[in-house]
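**Student:** here's my sequence, what's the structure:
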Amino acid sequence: MSNTAEDAGGGPNTTGLFPVFPTSSNSVSAISTAPQWLRNASFTTDLSVIDAAASSAPSLSEIDAGEEDEEGEAEGNIGVDNQPRVYNLVELEEEGSSESDDDKVKRKKDKKKQRKRKSSVRDSDEYYTKPAKDYHLDTRPDPDNLAYGSIYRMKVPRYKLDNSQRGPGSGSLRFYRRNRHSSMLDTEIDVDYLDGRAKSDNRYWYAKHAAMERSKNFKRIRLSASREAVDSSLDDFIPLEEAEAVQESEEEDDLMMGESWEDEVLNKTREFNRLTRERPHDEKAWLAFAGFQDKVSSMQPQKGVRLQTLEKKVSILEKAFELNPDSEELLLALLKAYRRRDSADVLISRWEKALMQNSASYKLWREFLNVLQGEFSRFKVSEVRKMYSYAVQALFSACSKRHRQVDATSEPLDSDLIQQELVLVDMLVSLCRFEWQAGYQELATALFQAEMEYSIFSPSLLLTEQSKLRLFEHFWSSNGARVGEEGAFGWSLWLEKEEEQRQKMLKEEAPDDTEVGGWTGWTEQFSGRKGDSIASANTGEGDVDREGLDEEIEDEHSKPEDDTEAMLKLLGIDVNADASDEVKDPSTWVKWFEEEVSRDHNQWMPSRKAGEFSSVDEMGEREDEEQLSSLVLYEDVNGYLFSLRSNEARLSLVYQFIDFFGAHISPWTSSNSLWWSEKINSLETLSDSMLENLRNVHECLSKSDCGNGFSLGSLLGGSSDISMRTEMMKFLRNAILLCLNVFPRNYILEEAVLVAEELFVTNMKTCEVTTTPCQALAKRLLKSDRQDLLLCGVYAQREAASGNMKHARRVFDMALTSICGLPKELQYNAPLLYLWYAESEVANSSGSGRETEPSSRAMHILCYLGSGLAYVSYTSQPSSMQILRARQGFREKLKKIQSTWSHGVTDDQSAALVCSAALFEELTNDLPGAVEILEHMFSSVLPGRKSQSHQLELLFNFYVRMLQRHQDDLTLSKLWNPVSEGLQLYPLNPELYGALVNISSHRMTSHRLRMMFDDYSRKNPSVVVWLFALSYEMSRGGSLHRIRGLFERALAQDTLNSSVFLWRSYIAYEIDIAHNPSAARRIYFRAVNACPWSKKLWLDGFGKLSSVLTVKEMSDLQEVMRDKELNIRTDIYEILLLQG
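**Tutor:** Numbering: from 1, shown residues only. Got it, this is the predicted structure:
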């Protein structure tokens, strides 16, 4: 509206209350004539004009009428309507205004015509355009707001998405108008018909909207990326089939209308049917079709409908396996579906039938054994042990068959054969872990000893498998020391010494035989046994005495039986009463628990033959029983023996043997390997490496404000007590030293033996020592092989870790200066030595700058590695010329490594060289240069090879540690992206999860980190993910309900329901932290039902729940343990007699 001239009355032209534009001179002069208190123009305003302007505002019905009448004009006036609306000041009229009524009507019609030309889409934009006038008055308030105190709930608009990015055209306009009409005309539609009881306010989490979300008829609009935005960059792209594009546009329009759950089920089923019909041999399509049935089943509230969906899933998988009979994945999915439907007996029979047809499949055997262990009603230790023997024999037969097919003398061996031997070793280690957890620790140790003697220290004789077994039986039944025992030197060397001793004895007895003459049958029997006659005679006498000893023991048992019954009656115990009346005090069971745990810690080494005792006086009654229970005969181990031909499988056996008994060992395989996942899922207690990672997380959170909780590792503690650990370290030291004769100059074994020696000496000595505990052993090993560079490096690392940096530098300098005089194959290990030396100096540096002496020493070391010059001890900081020459040398060496890595060939030396180059660039230049080197080298390796190479995994851990050192100077994206990429490649890497918590605790909210843990737990369910999620919540003092929820969600997953450590941690949390014994009691019974083989789990009920469980329940628990054939070493009557 434009300004008009003054009226005839000569009234002044007034402005609003707070004028934006300056007033005219006439108005100023008029105001000046008024009194002083009326000179503000605000008091001269006529408010009736504002009412008239508000009354002329368009109504909602007029806007709708304009849209219906002038729909076509909306597109024609785009250029005009895009201009912003300009609001002019309103000229107020005096009371005696002479404007005619015709002019007013004409002005209203002009305004109406202007509004009709406006498009509804642009009209909405104009409402949000900032007017020239910065204020407005609400002259028509809603009286209901005053009456009821708030806006009526049905007048609150329900917003719908306006997908205006789909581009111009009638489709977008139609979609917008449809949304507008639905919002205007459907305002009174309520959703109470979904649930009549859901009466609440309009909040998204209220019951009414929850009922709407659960409704199967509720239509949802699914958002997806616009195809037009993707295709706009491809100017020269011409689609081959236009019909598909038209069909896709129609599908998009349908999706815009919304899709209910039933529509989605029909569409997905139709799509899967078409896909499986067109590609019947696509395993992923069949598995996705079967997985979709689980999603459908989760939406069904009725049990009968869920069973029908399960039947449909079974039929889908049966059809898929019928078309693809060689697919292991389909067979495993089918058998898992059978487990949800069939009974235990039918399921076991189906598994046995499948294994008869696929006896060489490690995955099938592994899953079958998990099923057998988890069936509480059928579980017995002897049955599982028998199935393990079948699995080992079947896998070994497959290896032997493969070995006969390929050339046995070919080097290197066939990769498939190596892989079969590796999984055979994994199966044996799984058996040993099962025996150890069931309480048969002596048998587990003996199985390791027997297999190592049979495969690693076997004599180099061309024998058949049966002949080799007979020869090994003679060694096992003799009194010779085995692996890990004092005086052991291996089966092969023992056999040579036995042969020498036999020949010597034959020569000594030869003159006597000549003089006596006659029958020589004993000599032939002796030569067949290949043992000494004295030992044979003692063995025979021992067997005779043993029979008599058994009879005497039976007589001794029968005689004091009456005395024992009388003593028990004196103690108030009725022998003929029920089991619940035998023990009346819970403290008796607590003492039994303590004695049982003590014996488990002490009795883990297999004893030798009971026949070694010459008389009954030397072996008491209790000692006799303990010797018999811990005696492992040849018949106990012969069903699990197999020969290994590849060095990879032999080394894997040794490495897993060291890791099994709790010694420190460097990573030798990727975290994506089968061994690592099975080890993590079968943990009873945390290993030292995992405890260290969780301890670092706890310390990181304790430094922040949110860290006021406790550590997850403190719930269950370490793996064993000090005395047991001391004996184990001694046992491992002896075994590793023996293995070093077969695998010389292996730095992983050398590091393990030095760490085992440190732990053994430290636990044996109560006072502090000035020297490193492993110094004597390291010097002895170096004297035997002075050219072992890696042994020098490992020993220097142990000295640096102990704080003796000066001595470590002397050892490193001595090794590096002697490299030039060594053969080429030994010089190839130089990068490892340089890297260890530089990392020790960086770790010794207190500051982060380059000017510190340790940083200068590290640069000096790496300069000689890059330039290739002979090493000289450190005197001063390297010059710029030396740094430039080293950088050029590193660049040339990295080009050679990149070409080898692109072909899939990676080793420890090349990975160490890449780490050295990155560390050199970090020290001399800056972090971006080091990051560029690492990312460039990673890009040269295919993703599939990245995930299976443990060298590249160690390199990635090095990369993350480097970023953490500079995390204060980096943005979140530069820290987060490498960690995220690493977790995609190595989803079971504990070090990466520790870095994730460390970075996220300082840079992210707790809610975002929890969402990440949830995402990783869905994609790759593993104990590692839940351990760090639980550790984060516990360390920061999370709520009890959240921590319980994490435990329940973890144990609800099929792969983690058999995790003993999670169950034990849950029980310990409820007892020690939540102080809820009744909840711990319920969890305990669920745990023993899910993991009936774990003796530690059963004993937790006696140790932690003694205040909750009754005497009858504890007595019944022990009876069930005996029924499941767990190894119980202590009788309750021993505790009763001790108390009496």
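
**Student:** and the helices in the stretch 851-1000 of the chain?
**Tutor:** Secondary structure of the stretch 851-1000 of the chain, counting by DSSP state H, counting those that start in this stretch: helices at 853-867, 880-901, 908-924, 927-939, 943-948, 950-965, 972-985, 990-1003.

**Student:** quick check: buried residues in the fifth one?
**Tutor:** So that's helix 943-948. Neighbour-count burial for helix 943-948 flags 946-947 (criterion: 16 or more other CB atoms under 10 Å). Heads up, the C-betas are built off the backbone N, CA and C, glycines and all.

**Student:** for the helices of the stretch 851-1000 of the chain, which has the smallest mean pLDDT value?
**Tutor:** Across the helices of the stretch 851-1000 of the chain, helix 943-948 has the smallest mean pLDDT, namely a mean of 85.

**Student:** contacting residues around it?
**Tutor:** 670, 672-673, 904, 906, 938, 952, 985-986 (CB atoms under 8 Å, 6 or more residues apart in numbering).

**Student:** one more time with 7 Å, if that's ok
**Tutor:** Helix 943-948 is contacted by residues 670, 672, 904, 952, 985-986 when judged by CB atoms under 7 Å, 6 or more residues apart in numbering.

**Student:** show me the two of those that sit farthest apart.
**Tutor:** Maximum pairwise distance among these (CB to CB): 17.6 Å, between 904 and 986.

**Student:** looking at these two, which one has more neighbours?
**Tutor:** residue 986 (23 against 12; other CB atoms under 10 Å).

**Student:** with distance to residue 1016 as extra columns, can I get the helices of the stretch 851-1000 of the chain in a markdown table?
**Tutor:** Shown next, in a markdown table, are the helices of the stretch 851-1000 of the chain (distance: least, CB to CB, whole Å):
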| stretch | distance to residue 1016 |
| --- | --- |
| helix 853-867 | 35 |
| helix 880-901 | 28 |
| helix 908-924 | 26 |
| helix 927-939 | 21 |
| helix 943-948 | 16 |
| helix 950-965 | 16 |
| helix 972-985 | 7 |
| helix 990-1003 | 8 |
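
**Student:** would you confirm that residue 388 contacts residue 431?
**Tutor:** Yes: look at residue 388 against residue 431 with CB atoms under 7 Å: they come within range, at 4.5 Å.

**Student:** ok, of the contacts of helix 943-948, which one's closest to residue 879?
**Tutor:** residue 952 (34.1 Å).

**Student:** quick one, what contacts the closest one?
**Tutor:** 906, 941, 946.

**Student:** phi, psi of the second one?
**Tutor:** Put plainly, it is residue 941. Residue 941 adopts backbone torsions of phi -110, psi 140, taken as degrees, to the nearest 10.

**Student:** hang on, it packs against residue 900?
**Tutor:** No: contact criterion CB under 7 Å: residue 941 and residue 900 do not qualify, at 10.3 Å.

**Student:** which of those two has more neighbours?
**Tutor:** residue 941 (19 against 13).

**Student:** residues contacting that one?
**Tutor:** Neighbouring residues of residue 941 by CB under 7 Å, 6+ apart: 901, 952.

**Student:** gap between it and residue 344?
**Tutor:** To residue 344, residue 941 is 46 Å away according to CB to CB, to the nearest Å.

**Student:** then residue 1082?
**Tutor:** The value you get for residue 1082 to residue 344, if CB to CB is used, is 24 Å.

**Student:** what are the ranges of the helices in the stretch 351-500 of the chain?
**Tutor:** All helices of the stretch 351-500 of the chain, identified by DSSP H, counting those that start in this stretch, fall at 362-374, 381-405, 415-437, 441-455, 465-477, 491-516.

**Student:** got the CA coordinates for the third one in CSV?
**Tutor:** Okay, so that is helix 415-437. Output of helix 415-437 as CSV, limited to C-alpha atoms (Å, rounded to 0.1, in the frame of the first residue of the first chain):
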residue,chain,number,x,y,z
SER,A,415,48.6,-74.2,1.1
ASP,A,416,45.4,-76.3,1.5
LEU,A,417,47.4,-79.0,3.3
ILE,A,418,48.9,-76.4,5.6
GLN,A,419,45.5,-74.9,6.4
GLN,A,420,44.1,-78.4,7.2
GLU,A,421,46.9,-79.0,9.6
LEU,A,422,46.4,-75.7,11.3
VAL,A,423,42.7,-76.4,12.0
LEU,A,424,43.7,-79.8,13.2
VAL,A,425,46.0,-78.1,15.8
ASP,A,426,43.1,-75.8,16.7
MET,A,427,40.9,-78.8,17.3
LEU,A,428,43.4,-80.3,19.7
VAL,A,429,43.8,-77.1,21.6
SER,A,430,40.0,-76.8,21.9
LEU,A,431,40.0,-80.3,23.4
CYS,A,432,42.8,-79.4,25.9
ARG,A,433,40.8,-76.3,26.9
PHE,A,434,37.7,-78.3,27.4
GLU,A,435,39.5,-80.9,29.6
TRP,A,436,41.1,-78.1,31.6
GLN,A,437,37.8,-76.3,32.2
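
**Student:** mind listing what's buried in it?
**Tutor:** 417-437.

**Student:** again with the last one
**Tutor:** Counting neighbours by 16+ other CB under 10 Å, one finds that the buried residues in helix 491-516 are 491-492, 494-495, 498, 502.
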